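Novice: Turn this into a model:
(2 chains)
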There are 2 protein chains.
Amino acid sequence: MKIISLNRVEKHKVHMDGAYKAWKQVPLSKNDGAPVYSYRVFTVEPGGYTPYHSHPYEHMNYIIEGEGALVNEKGEEQPIKAGDFALVMPDEKHQYRNKGNVPFKIICGVPKEFE
Amino acid sequence: MKIISLNRVEKHKVHMDGAYKAWKQVPLSKNDGAPVYSYRVFTVEPGGYTPYHSHPYEHMNYIIEGEGALVNEKGEEQPIKAGDFALVMPDEKHQYRNKGNVPFKIICGVPKEFE
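Specialist: Below you'll find the model as predicted:
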């Protein structure tokens, strides 16, 4: 059993190509003994975004704070905000963009093999 | 790709033995095509709790709102509040209790086979 406040989890800038003003934390992962899944938290500053890309595993997201867009395979922005859940399927092209004036903060769950 | 607001997800009272004033929603699961994991949300009213029990799969939790306790295998209450993450390991005895005056609302991730 582990309890950790998000405020106490190390935060690192995302240096991937196509990421801008985005930060990552990993509150729960295989390093904590998680058997199946890992939870990361991405914080995207106003004007920032995650890479527009795809990969062979899903994202299971919950928006903690802010308002943004989840860009789909056609490049269309779908509005998404605090209190929303999203499922991005494996190999589906996607991007998160902050469309507001405050940080856009999301939980991003992935199979533990990928984090 | 699916986006759904928690407010639009059906909410059902938890009728399990040992649950009191607890409600469940399932925003993302295998019914949505989730390949690995399911996300439920439990809302525990002031004075309420989830069952004190164990099962052969983990919980990966995030506290959306409120303040409560996560009871461990020794029966000890560990404080937990909005913004905290928790990992309950498979077969570890646990219970969530609302210790505040507002709803205690948590994400509870489990392998899709169990929801």
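Novice: contacts, neighbours, all on C-alpha from now
Specialist: Fine.
Novice: Output stretch A:35-47 in CSV, but only the C-alpha positions, please.
Specialist: Only the C-alpha atoms of stretch A:35-47 are listed here, as CSV (Å, rounded to 0.1, in the frame of the first residue of the first chain):
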residue,chain,number,x,y,z
PRO,A,35,1.3,-5.1,-11.3
VAL,A,36,-0.3,-4.0,-14.5
TYR,A,37,-0.5,-0.2,-15.1
SER,A,38,1.3,3.0,-14.5
TYR,A,39,-0.1,6.4,-13.8
ARG,A,40,1.7,9.5,-15.1
VAL,A,41,0.6,13.1,-14.8
PHE,A,42,1.3,15.6,-17.5
THR,A,43,1.0,19.3,-16.9
VAL,A,44,0.8,21.5,-20.0
GLU,A,45,1.3,25.2,-19.5
PRO,A,46,-0.9,27.7,-21.4
GLY,A,47,0.1,27.6,-25.1
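Novice: Report the mean confidence score over that stretch.
Specialist: Averaged across stretch A:35-47, pLDDT comes to 98.
Novice: Wondering if that stretch reaches chain B at all.
Specialist: Yes - using CA under 8 Å from any CA of the partner chain, stretch A:35-47 reaches chain B at A:P35, A:V36, A:Y37.
Novice: Compute the inter-axis angle for the longest strand belonging to chain A and strand B:37-49.
Specialist: Longest strand in chain A by number of residues (criterion: DSSP state E): strand A:37-49. Counting by axes from the mean of the first three to the mean of the last three CA atoms, to 10 degrees, strand A:37-49 points 100 degrees away from the direction of strand B:37-49.
Novice: can you pull the buried residues of strand A:37-49?
Specialist: By 16 or more other CA atoms under 10 Å in any protein chain shown, the buried positions in strand A:37-49 come out as A:37-49.
Novice: tell me the pLDDT at A:E73?
Specialist: In this prediction A:E73 is given a pLDDT of 97.
Novice: which ones are touching the most far-flung residue of chain A relative to its centre?
Specialist: Ranking residues of chain A by C-alpha distance from their mean position (CA atoms, centre = their mean) puts A:M1 at the top, at 23.9 Å. Listed by CA atoms under 8 Å, 6 or more residues apart in numbering or on different chains, the contact set of A:M1 reads B:N72, B:A86, B:L87, B:V88, B:M89, B:E92.
Novice: Sort out which one of the buried residues of strand A:37-49 lies nearest A:K30 for me.
Specialist: A:S38 (6.8 Å; CA to CA).
Novice: what's around the nearest residue to the closest one once chain neighbours are set aside, how many residues?
Specialist: Counting by CA to CA, 6 or more residues apart in numbering or on different chains, A:S38 lies nearest to A:S29, which is 4.3 Å off, once chain neighbours are set aside. When neighbours are defined as other CA atoms under 10 Å in any protein chain shown, A:S29 has 23 of them.
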